[in-house]
Structures are given as structure tokens and as C-alpha cells.
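K.L.:
Quick one, structure for this:
(chains A, B, C, D, E and F)
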Number of protein chains: 6
Amino acid sequence: MTDTWLATLITDTPQAGFELAITLSRRGVKYTQPDTEVLKRLRPEYAEDAKALTAASQVVAINFQTIAAANNYWRK
Amino acid sequence: MTDTWLATLITDTPQAGFELAITLSRRGVKYTQPDTEVLKRLRPEYAEDAKALTAASQVVAINFQTIAAANNYWRK
Amino acid sequence: MTDTWLATLITDTPQAGFELAITLSRRGVKYTQPDTEVLKRLRPEYAEDAKALTAASQVVAINFQTIAAANNYWRK
Amino acid sequence: MTDTWLATLITDTPQAGFELAITLSRRGVKYTQPDTEVLKRLRPEYAEDAKALTAASQVVAINFQTIAAANNYWRK
Amino acid sequence: MTDTWLATLITDTPQAGFELAITLSRRGVKYTQPDTEVLKRLRPEYAEDAKALTAASQVVAINFQTIAAANNYWRK
Amino acid sequence: MTDTWLATLITDTPQAGFELAITLSRRGVKYTQPDTEVLKRLRPEYAEDAKALTAASQVVAINFQTIAAANNYWRK
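P.N.:
Residues are numbered from 1 along each chain as shown, chains lettered A, B, ... in the order given. Just a heads-up that it's a prediction; the model follows:
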């Protein structure tokens, strides 16, 4: 992939950091399966399965650890 | 999502931090599946499956790591 | 939940910290499934399944990381 | 459990630390299923399943992170 | 393996770090299954399974934690 | 086990550290299933299953976190 999608881990707020964690999690999928059509086809199966949703939330949690540390936990 | 739901990682007590970890875990699910009706439909299947409950507890544990570090472990 | 069950992450010994990690892991389950009757019903299925037991031990390990860090690893 | 089995996280060598990580992993199982007879019965199923063995190795890896940090990575 | 494929964890940008995390994740697979033909055969099954893609994204997230810390989160 | 197989976490290069992470991951399996014959028998099932390979790569990633921290990320 040649586009720039991740220039910094720094965000203004924890919520923006959480949303960046979601972006990282999706990019992790996209590097393995770059075909958007396949990803769209898999989506219903995925988004209606309780265990798959928990697994997705776990990847977000791991990426959020990284981003929160990068932002020094947005401490004032 | 345009509402603000995560303004800070700082909480008064470890227990409030644990409850925030639960909020983060649920939000991680909701970003993938925003349809509340679908989530309600999945809930029974989910909340009565021992492995799914353990997986949910694991996501909470990972998010609690982040929040506990943010709060410097609520050390006095 | 309105009762106070987590006032501090600090414990006197590593073993007490490990036991607190177990408490956190169980609470993570209980926030998702607060019905004690359901949890009791799920228990046999759970406690006699090797993979479920390993998964439970993993959640404890993650929570123990947090508690051990909070206690500065009980170094003298 | 009233016996003392975890008095310190400090070990002389990395290898002793790895072995302590195994002890922690097994204790995590034992707190959920204290019945030794059940654990013995589950063992063959468990120890001959490639995925279960990998899952066990993962719990050890997580506990080893904690113990290695406690020992400041046994740096001289 | 005798070739050098990992000389440093330092990268210029977070995105290059994320891509290095993907390399590490693939190498972790390749050390267990070095036969490229087998890996190619497994790929379709893998890249079209929602849970397998999430699992892959999780390994990337864990490796990205390591690389982000190594780079001090690319803070200026 | 009475042989010494882990005398230090310090390695000269990141790649040697990654290879040590693989050793730790295999040892984690071997402590649970010391019988080499069983491990050999399980191998084909294991090394030709995409999810099992990802799970193995995840354990390596966790152990690599530990080793990379021990080596202060091989920063110059």
C-alpha cells in the first residue's frame, strides 16, 4: 500500500485515540485480505456473530493500549 | 459516532476504572456492529455461553490494563 | 452494581495479588452475565473443559499483570 | 486455598522464571477447577491437542512477561 | 533461517512500523511452517474467513505494540 | 527439566531475539507435553492449519515483547 494512512499515533482526545485503534484493527485485516469485495461479503457473517464481535473488540483493546501509551494517557 | 463518550481515562477509584473498561469493551463491539437491534438479538446466545463470557472478561482485562496504567494504579 | 468490591489494587503478597486477579476475572464475567443462576448452570460445562480452563487461566494472567505492576512486583 | 505457594516473583535465572510462569498458569486453572481428579481426567484430551498446547504456551508467555519485568529481565 | 530479515525495530514513521509488525507476524508463521507451497495452499481458506482475519489482525496489533515502544511511539 | 536452556534474555540482534521468542514458545508447549513422539505426531495437523499457525505466531509475538523489552529494543 502506498497511500499514507498513519502519520502519527497522537490524538487530541482519548475518544479519537479509540477511533484510531479501530482504524489500526481494520488495517490489520486489510493487509491480509486487500480485496474489498471479499471483505464486504464476509461482513454479515462477521457482524452478527457474538464471538467474532468480541474478538474484534479485543483487537481494538490491544491497539488502544498502544495509542494510549503513545499519548501518555492524555493526562493533563 | 459524533457523541462524546470518552473524555478521560482518569477515574476516582479502581472500581470505576474497571467499569470504564467494560464501557470500552462494549464500545469496541458497537463500532463493528452499531445496530442495537442486532446486538440485542445476539445477547442471549452470548450471555449463556461460558466461553463467550470468558472472552468478554478477557477484553475487559485488556482495557483495564490501559486504564489502570493511565491512573498510575490509583496508588496513593 | 452499587456495592464496593474493588477499593485498591495493592496487596500484601504476590499470592494475594494473584487471588485478586481471579476476583477481577470473575467480575468481568459477572458484569456481562449478572444472573447467578445462569452462571451456576454454566459452571459444570465450563470447569470440565480443558480449553475453557486454559482460557480462564489466561484472563487471570492478564489481570495479574496489572496487579503485579500496581504493586511494583512486590519488590523489597 | 490456604497454603502459601507464591511468596515472591523474584528468581535467580530466566529459566527459573519461566518455570514459575508455568506454575502460575497451572494455578490459574486450579483456582477454577480445584478437583485434581477432574484435572487428571482432562489431561490426555488436552496434552494431545495441538491447539490446546499452543493456548497453554500462550498463558505461560503472558505470565512470563510479568515475571521477567519483576526481575528486571535478569539484566546484570 | 540464515538470511538477515530483521536488523532493527526502528522505523521512520508509524506506518512503516505497522508494516514491520505485519512482517513479524508472517515470520512467526513461517518459522512454524517454512514450506511456501503449504502456506500458499492455506491462504484462500485463511483470507476468506472472518475469524482468521481478526486473529491475524490481533497478532499484528501485538507486534505493533513492541515496535511502537521501540520507536518511543514516534513522538517528536 | 534439569538441562539449562535459558541462561539469558539478551541477544545481539532483534532477529536473534525473535528466534529466542520461538524457542520460548516451543518450550511452553514442551513443559505441558514433554513426550517428543506425541509432539511429532501432532505436527502435521498443526502446521497445515491456518488458524493454528496464526495462534503459534501470536505466542511468538508475546514472547518477543518480553525479549525486546529485556534488550531495550536493541536501541543504539
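K.L.:
For the rest of this, base every contact and every neighbour count on C-alpha atoms.
P.N.:
Will do.
K.L.:
ok, the residue lying closest to A:T11 once chain neighbours are set aside - contacts?
P.N.:
Once flanking residues are discounted, A:T11 sits nearest to A:G17: 5.6 Å by CA to CA, 6 or more residues apart in numbering or on different chains. Listed by CA atoms under 8 Å, 6 or more residues apart in numbering or on different chains, the contact set of A:G17 reads A:L9, A:I10, A:T11, A:F64, A:I67, A:A68.
K.L.:
Please apply the same query to A:Q33.
P.N.:
Residues near A:Q33 by CA under 8 Å, 6+ apart: A:L39, E:A47, E:E48, E:L53.
K.L.:
From the contact counts, what lies against the lowest-mean-pLDDT helix or strand in chain A?
P.N.:
Least confident helix or strand of chain A, by mean pLDDT, DSSP states H and E, is helix A:36-47 with a mean of 90. If contacts are counted by 3 or more CA pairs under 8 Å, 6 or more residues apart in numbering or on different chains; DSSP states H and E, helix A:36-47 sits against helix A:50-70, helix E:50-70.
K.L.:
With chain D as the reference, name the closest of these.
P.N.:
The minimum distance between chain D and the helices and strands packed on helix A:36-47 falls on helix E:50-70, with 12.0 Å, by CA to the nearest CA.
K.L.:
For chain D, state which of the contacts of A:Q33 is nearest.
P.N.:
Distance to chain D across the contacts of A:Q33 (CA to the nearest CA) is lowest for E:L53, with 17.5 Å.
K.L.:
quick one, what contacts the spatially closest residue to that closest one that is not a sequence neighbour?
P.N.:
Nearest non-adjacent residue to E:L53, counting by CA to CA, 6+ apart: A:V29, 5.5 Å away. A:V29 makes contact with E:L53, E:T54, E:A56, E:S57, according to CA under 8 Å, 6+ apart.
K.L.:
so what pLDDT did A:V29 get?
P.N.:
Here, the pLDDT recorded for A:V29 equals 95.
K.L.:
what do you get for A:M1?
P.N.:
At A:M1, the model reports a pLDDT of 52.
K.L.:
Repeat that for the one 4 residues further on.
P.N.:
Looking at A:W5, its pLDDT stands at 96.
K.L.:
how near is it to A:L24?
P.N.:
According to CA to CA, to the nearest Å, A:W5 stands 10 Å off from A:L24.
K.L.:
Comparing the two, which residue is more hemmed in?
P.N.:
A:L24 (25 against 12; other CA atoms under 10 Å in any protein chain shown).
K.L.:
Just give the nearest non-adjacent residue to whichever residue of chain A sits closest to chain E, would you?
P.N.:
At 4.4 Å from chain E, A:G28 is the closest residue in chain A, using CA to the nearest CA. Counting by CA to CA, 6+ apart, A:G28 lies nearest to E:S57, which is 4.4 Å off, once chain neighbours are set aside.
K.L.:
doesn't A:S57 make contact with the one you found?
P.N.:
No: counting by CA atoms under 8 Å, A:S57 is not a contact partner of E:S57; they are 11.5 Å apart.
K.L.:
What count of nearby residues applies to whatever residue of chain A ends up closest to chain B?
P.N.:
In chain A, the residue that lies nearest chain B is A:S57 (4.3 Å; CA to the nearest CA). By other CA under 10 Å, 28 other residues sit near A:S57.
K.L.:
For it, list the residues it contacts.
P.N.:
A:S57 neighbours (CA under 8 Å, 6+ apart): B:S25, B:R26, B:R27, B:G28, B:V29, B:V59.
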